[in-house]
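> just need the structure, nothing else, for what follows:
(one chain, ligands or ions: 1)
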Amino acid sequence: MTKAIAIAAGAGMILVYAGLMLLVVPSIQLSGAKPPAEAQTQHSAEEIRGRELYVSLGCVYCHSQQPRDPAQTPADRERGWGRPSVPEDYTYDGPHLLGTMRTGPDLFNIGARQPSVDWHLAHLYNPRAVVSWSTMPSYPFLFRETDIVLDEMQEVHLPEEFLPSEGHIVATDDAMALVKYMLSLDHTYPVEKLTAEEPEEEADEAETETSSLDATGEGSAS
Ligand code: HEC
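Numbering: from 1, shown residues only. Prediction:
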């Protein structure tokens, strides 16, 4: 019986500790967070639809949306993925799509890095049409074939070997919504303070270029 009480008490303590560390402490830490003025407050219905597709098509399994701090690793900045993200960036993002895997590049600033609708459409139809070595899946069901391209249709411009023998490929509303969502991913606005302080052990190297922080988002748009 005393064993059961000890187990219950232990489990209770773990629960209280987890609640404190995962709920109470973070909400205190974030209570003063103000969204940057430039952060997008309103998402269009089309962008929201695109975001739903991003989730349902599993894009989040291969793509993150969280460039890391150069104090942690300079790699993300060197790849041109932009300044480290801060909690405020996600204010209007629910649920956030931080992602945990990076089979493909981080997409936090893809709208700034690649603003071409044509490029995104061709890439979604078949990534190999624009990046020969790509391992990303094709999403041909977001497109349809047509004999005549009407004014209101968005044709996909592809290299000849990716075109059907007859007719044209045009984007469906879903493909356009997903592209609009991609283009809305642009967090290159400056933020007041960046996340972590310099880690202690790296303080000696503080003068090196890689560990210096700036809030300009420099290098993210090309
Ligand atoms: C199996 C993993 C995988 C999945 C799932 C996946 N991607 Fe990718 N993605 C990649 C890889 C690898 C690349 C890099 C090669 C390339 O550009 O095609 C990439 C590249 C990209 C790029 C270009 C990034 C850049 O910096 O040039 C975009 C945009 C993109 N993916 C969007 C999407 C969207 C939208 C979805 C969901 C519909 C998706 N991806 C699903 C693996 C994936």
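
> quick one: contacts of the lowest-mean-pLDDT helix or strand in the chain?
The weakest-scoring helix or strand in the chain, judged by mean pLDDT, DSSP states H and E, is helix 25-30 (a mean of 88). Where contact means Cβ atoms under 8 Å, 6 or more residues apart in numbering, the residues beyond helix 25-30 that reach it are residue 87. In short, each C-beta sits where N, CA and C put it, glycine included.

> and for stretch 170-184?
So stretch 170-184 is in contact with 40, 43-44, 46-47, 49-51, 53-54, 57, 107, 110-111, 114-115, 117, 120-121, 124-125, 139, 142-146, 149, 153-156, going by Cβ under 8 Å, 6+ apart.

> which of the three states applies to residue 82?
coil (DSSP: H, G, I helix; E, B strand; the rest coil).

> and for residue 39?
Classified using three-state DSSP, residue 39 is coil.

> who touches the nearest residue to it once chain neighbours are set aside in this structure?
In space, and not counting its chain neighbours, residue 39 is closest to residue 91: 6.1 Å by Cβ to Cβ, 6 or more residues apart in numbering. Residue 91 is in contact with 33, 35, 39, counting by Cβ under 8 Å, 6+ apart.

> redo that, cut-off 10 Å
By Cβ atoms under 10 Å, 6 or more residues apart in numbering, the contact set of residue 91 is 30, 33, 34, 35, 36, 39, 40, 41.

> for the second one, give its distance to residue 117.
So that's residue 33. Distance, residue 33 to residue 117, by Cβ to Cβ, to the nearest Å: 33 Å.

> so the two - more neighbours on which side?
A direct count of neighbours by other Cβ atoms under 10 Å for residue 33 and residue 117 places residue 117 higher, at 16 against 13.

> quickly find the element holding the nearest residue in space to that one that is not next to it in sequence.
Once flanking residues are discounted, residue 117 sits nearest to residue 179: 5.6 Å by Cβ to Cβ, 6+ apart. Secondary-structure assignment from DSSP states H and E places residue 179 in helix 173-184.

> residues in contact with the longest helix anywhere in the chain?
Criterion DSSP state H: the longest helix present in the chain is helix 2-19. The contact list for helix 2-19 (Cβ under 10 Å, 6+ apart) reads 24, 25.

> pull the CA atoms of that helix into PDB?
In PDB, the C-alpha atoms belonging to helix 2-19 read as follows (Å, rounded to 0.1, in the frame of the first residue of the first chain):
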ATOM      1  CA  THR A   2       2.800   2.400   0.900                       C
ATOM      2  CA  LYS A   3       4.400   1.600  -2.400                       C
ATOM      3  CA  ALA A   4       1.200   2.600  -4.200                       C
ATOM      4  CA  ILE A   5       1.200   5.900  -2.400                       C
ATOM      5  CA  ALA A   6       4.900   6.500  -3.300                       C
ATOM      6  CA  ILE A   7       4.200   5.700  -6.900                       C
ATOM      7  CA  ALA A   8       1.200   8.000  -7.000                       C
ATOM      8  CA  ALA A   9       3.100  10.800  -5.300                       C
ATOM      9  CA  GLY A  10       6.000  10.400  -7.700                       C
ATOM     10  CA  ALA A  11       3.700  10.500 -10.700                       C
ATOM     11  CA  GLY A  12       2.000  13.500  -9.300                       C
ATOM     12  CA  MET A  13       5.300  15.300  -8.800                       C
ATOM     13  CA  ILE A  14       6.400  14.600 -12.300                       C
ATOM     14  CA  LEU A  15       3.100  15.900 -13.600                       C
ATOM     15  CA  VAL A  16       3.300  19.100 -11.600                       C
ATOM     16  CA  TYR A  17       7.000  19.600 -12.700                       C
ATOM     17  CA  ALA A  18       6.100  19.000 -16.400                       C
ATOM     18  CA  GLY A  19       3.200  21.400 -16.100                       C
END
